[in-house]
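Visitor: prediction below, plus the sequence it came from.
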Amino acid sequence: MHAAVFLAGFTGILGRLIELNEALLVWYRMMFAVAALMILFLITKKLVKTSLPDAAVLMGIGGIIALHWVSFYGSIKYANVSVSLVCFSAIGFFSAILDPLISKRKFEWIELALGCMVIIGIYLMFHFDPHFRTGIVFGMISSLLAAVFPILNKKMMEKHQPETITLYEMSGGFFILSFLLPFYLAYVPTEQLLPSWSDFLWLLVLSLFCTVLAFNLSVRSLSKISPFTVNLSFNLEPVYGIALAFVFFKEYKEVGIPFYMGIAIIFLTVVIQTLRVYKQTARN
């Protein structure tokens, strides 16, 4: 799980390096990911067919993932890496509420408490400057959508292998975004439709390592841990991503002590949940 989170930490950096707008960036990302997966399956001959209803569900989840990525990179484009990743930390809060509702289980006070701790961490980490309002809205939408698809994937893991889930979801996300892309570009026009050579290189890195590999690892982890734990663990993505932003873009000059206090609180929630999982495993 944490290997996937670490790889995901690079996505914010790559999102700032790639000059394409957010929708085109995600469209190329998913296209390259699907192409890589198809080549992999042709070589290994492990392509597994599924029923039409399950394929439709998986492709629908892929659409949610595509919209999550568009809003995530939109947050970066309209604000900056730190703002986007701070807003992404709210995934633990949304997951604590949505997971019981979708899975039809009881609410757990400890999950709600940890989710609220994350919100406190976000508040400390970032002053919601009106200048970044659009980026913040995109970031919170991204966090909400990111809390949904691991919960839905948990059910799919009971019937399908991670590789199958990844292929169908990436394909579904690509097709759905292809349909929505002309409308998005009409509303948010851009002059650059094709990636530059540097964009092409970063898109390959983003697609192969931060998408295919990271997504497959995160789906595999769902066979051992709960969606809430997955989502809460992904709260470390801002920690990794912001650390990388400090190195590459020197954003540490723009933050103060409250920012570091917020990161510490978010990290603490992950540690507490990890200890809970270990204790539950030991009892079982």
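Guide: Thanks, I have the structure now. Please read these numbers as outputs of a predicted model, since none were measured by experiment.
Visitor: any weak-confidence spans in the chain?
Guide: 46-47, 125-131, 227-228, 231-232, 234-235, 251-256, 274, 277-278, 281, 284 (pLDDT under 70).
Visitor: which stretches in it count as helices?
Guide: With DSSP state H as the criterion, the chain has helices at 2-8, 11-17, 22-44, 52-78, 81-88, 91-103, 109-125, 133-156, 162-187, 197-207, 214-221, 227-233, 236-249, 257-283.
Visitor: any idea how far the fourth one is from the chain center?
Guide: Read it as helix 52-78. 10 Å (CA atoms, centre = their mean, to the nearest Å).
Visitor: quick check, central residue of the chain?
Guide: Ala146 (5.5 Å; CA atoms, centre = their mean).
Visitor: if we can go back for a sec, tell me which of the helices of the chain sits most buried.
Guide: Comparing these by mean neighbour count (mean count of other CB atoms under 10 Å), helix 81-88 comes out on top with a mean of 27. For every residue, glycine as well, the C-beta is placed using N, CA and C.
Visitor: could I have that one exported to CSV, CA atoms only?
Guide: Output of helix 81-88 as CSV, limited to C-alpha atoms (Å, rounded to 0.1, in the frame of the first residue of the first chain):
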residue,chain,number,x,y,z
VAL,A,81,1.0,21.4,-5.8
SER,A,82,0.7,22.1,-2.1
VAL,A,83,-2.9,23.3,-2.2
SER,A,84,-4.0,20.3,-4.3
LEU,A,85,-2.3,17.8,-2.0
VAL,A,86,-3.5,19.5,1.2
CYS,A,87,-7.1,19.3,-0.1
PHE,A,88,-6.5,15.6,-1.1
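Visitor: the chain should start at 38 in everything you say after this.
Guide: Taking 38 as the first residue, the last one we looked at is helix 118-125.
Visitor: now do that helix against helix 89-115, angle only.
Guide: Orientation check (axes from the mean of the first three to the mean of the last three CA atoms, to 10 degrees): helix 118-125 against helix 89-115 gives 140 degrees.
Visitor: if you count contacts, what does helix 118-125 end up packed against?
Guide: Applying 3 or more CB pairs under 8 Å, 6 or more residues apart in numbering; DSSP states H and E, we find helix 118-125 packed against helix 48-54, helix 89-115, helix 146-162, helix 170-193, helix 273-286.
Visitor: for the residue lying closest to Leu181 once chain neighbours are set aside, give me its contacts.
Guide: Spatial nearest neighbour of Leu181, chain neighbours left out: Phe131 (5.2 Å); criterion: CB to CB, 6 or more residues apart in numbering. Applying CB atoms under 8 Å, 6 or more residues apart in numbering to Phe131 gives the contacts Gly152, Ser180, Leu181, Ala183, Ala184, Val185, Asn268.
Visitor: looking at these, which is nearest Leu57?
Guide: Ala183 (21.1 Å; CB to CB).
Visitor: quickly note the distance from the closest one to Ala103.
Guide: Ala183 sits 12 Å away from Ala103, going by CB to CB, to the nearest Å.
Visitor: switch the helices and strands packed on helix 118-125 over to JSON lines; also include distance to Met298.
Guide: What follows is these, written out as JSON lines (distance: least, CB to CB, whole Å):
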{"stretch": "helix 48-54", "distance to Met298": "21"}
{"stretch": "helix 89-115", "distance to Met298": "22"}
{"stretch": "helix 146-162", "distance to Met298": "5"}
{"stretch": "helix 170-193", "distance to Met298": "20"}
{"stretch": "helix 273-286", "distance to Met298": "13"}
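Visitor: closest to Leu61 out of those helices?
Guide: Across these, Leu61 has its closest neighbour in helix 89-115 (9.6 Å, CB to CB).
Visitor: other SSEs contacting the closest one?
Guide: helix 48-54, helix 59-81, helix 118-125, helix 170-193, helix 199-224.
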